[in-house]
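[1] Below is the sequence, then the predicted model.
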Amino acid sequence: MWLRVDDGFCEHPKVITLSDPAFRLHLAAMSYAAAQLTDGRVPTSMLRRLTTTRAVEKLTRELESAHIWHATRARCAHETCDAHRAEPADNEIVIHDFLAYNPSRERVLANRRNGRKRQARSRARHAGTDAGTDAGTDAVSTRDPSRPVPSRRISLSSRALQVVERLVAEREFNAVKEIRSRAAWRRTVTQDLTERHGTLIESIVGADPAADVEKLHRIVEDQIDERARIHNKADAPSRCASCGGSGYSGDSYQDEKGSWWTPRCHECGGKG
């Protein structure tokens, strides 16, 4: 797992006033929470292991006074703080607004499950292709290789692009497979998200012009997850009616009528 820290973290008014031991303990606590998927909660027994100083209680009071930690039984008013859901227990602290920058445990585990499912579908698809080749089946594509199916080009507004950047960053953060070329990977994922969900992202951004990028990102991510959940219930046809291939992606696709959930063929780009 990775820890997400804002690039202005060190110069934040709350952080810049901290002592060096408190700053190091705060950073270590955030790393622990990200690695253990605790949604920003850290046991007080662990705090003693995360610092070399013995004055853990003093540092805890310093961080709580700076409104960076919650260490007393009181709920936080911020929805992006786990102390808003449940007040800190007697034997733990809660890092303020940890979930504003880092995905929740629930989302990380869901992304991992979805990643394993995608890998399983990819392996099954490749295994089927290899089996057909071994059996002597001539898998000849009817598509002219010199004229590939053009991708749909969608121009997004600056705020929509910011949302796409957050979506790409989250997918990179939760990637279950090693990414060799991150720049190429980001370009591919950005193009894929723009083509599949550009219209959705623009509609959500336009519906709430005052919302910040983080809020828009969460709404878009929830809508994408809902679309995938609904679409996964549908049984995609086993072979394409246009080219006879069996390469249906099962991913959402928006047709000319604006309807989603129509599967798209990997071979020819045709719709079932």
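    Cool, got the structure. Everything quoted here is computed from the prediction, not taken from an experiment. Residues are numbered from 1 along each chain as shown.

[2] show me the residues around the residue most central in space within the chain that make contact.
    Closest residue to the average C-alpha location of the chain: E170 at 3.2 Å, with C-alpha atoms, centre = their mean. Contacts for E170 (C-beta atoms under 8 Å, 6 or more residues apart in numbering) come out as 103, 111, 217, 221. Any C-beta I mention is one placed from the backbone N, CA and C, and that applies to glycine too.

[3] So in the chain, which helix runs the longest?
    Identified as the longest helix of the chain according to DSSP state H is helix 105-134.

[4] Tell me how far that one lies from the chain's centre.
    Per C-alpha atoms, centre = their mean, to the nearest Å, the displacement of helix 105-134 from the mean C-alpha position of its chain is 18 Å.

[5] can you pull the buried residues of whichever helix or strand comes after that helix?
    Toward the C-terminal end, the helix or strand that comes next after helix 105-134 (DSSP states H and E) is helix 158-173. Neighbour counts over helix 158-173 (16 or more other C-beta atoms under 10 Å) mark 159-164, 166-168, 170-171, 173 as buried.

[6] okay, the helix or strand that contains A83 in PDB with CA atoms only?
    If you go by DSSP H and E, A83 is part of helix 82-85. Output of helix 82-85 as PDB, limited to C-alpha atoms (Å, rounded to 0.1, in the frame of the first residue of the first chain):
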ATOM      1  CA  ASP A  82     -13.400   8.500  10.600                       C
ATOM      2  CA  ALA A  83     -14.000  10.200  14.000                       C
ATOM      3  CA  HIS A  84     -17.200  11.500  12.400                       C
ATOM      4  CA  ARG A  85     -18.400   7.900  12.100                       C
END
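
[7] So what touches it?
    By C-beta under 8 Å, 6+ apart, helix 82-85 touches 39-41, 70, 74-78, 94, 96, 98-99.

[8] Can you tell me the element T38 falls in?
    T38 belongs to no helix or strand when elements are defined using DSSP H and E.

[9] coming back round to it: pick out the most distant pair among the contacts of E170.
    Farthest-apart pair in these is N111 and H217; separation 13.9 Å (C-beta to C-beta).

[10] Can you tell me how far R123 is from K117?
    11 Å (C-beta to C-beta, to the nearest Å).

[11] Below-threshold pLDDT in this structure: ranges please.
    1, 128-154, 176-177, 230-272 (pLDDT under 70).

[12] All the helices of it, residue numbers only.
    Counting by DSSP H, the helices of the chain are 13-16, 20-36, 44-47, 56-65, 82-85, 105-134, 158-173, 182-207, 213-233.

[13] want to try JSON lines for those helices, with distance to L3 as columns?
    Conversion of the helices of the chain to JSON lines gives the following (distance: least, C-beta to C-beta, whole Å):
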{"stretch": "helix 13-16", "distance to L3": "15"}
{"stretch": "helix 20-36", "distance to L3": "4"}
{"stretch": "helix 44-47", "distance to L3": "15"}
{"stretch": "helix 56-65", "distance to L3": "17"}
{"stretch": "helix 82-85", "distance to L3": "16"}
{"stretch": "helix 105-134", "distance to L3": "12"}
{"stretch": "helix 158-173", "distance to L3": "10"}
{"stretch": "helix 182-207", "distance to L3": "17"}
{"stretch": "helix 213-233", "distance to L3": "16"}
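
[14] Which of those has the highest mean neighbour count?
    helix 82-85 (a mean of 20; mean count of other C-beta atoms under 10 Å).

[15] Got a ChimeraX select line for the buried ones in the contacts of helix 82-85?
    The ChimeraX selection below is limited to those of these classed as buried (16+ other C-beta under 10 Å):
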select :39,40,41,70,76,94,96,98,99
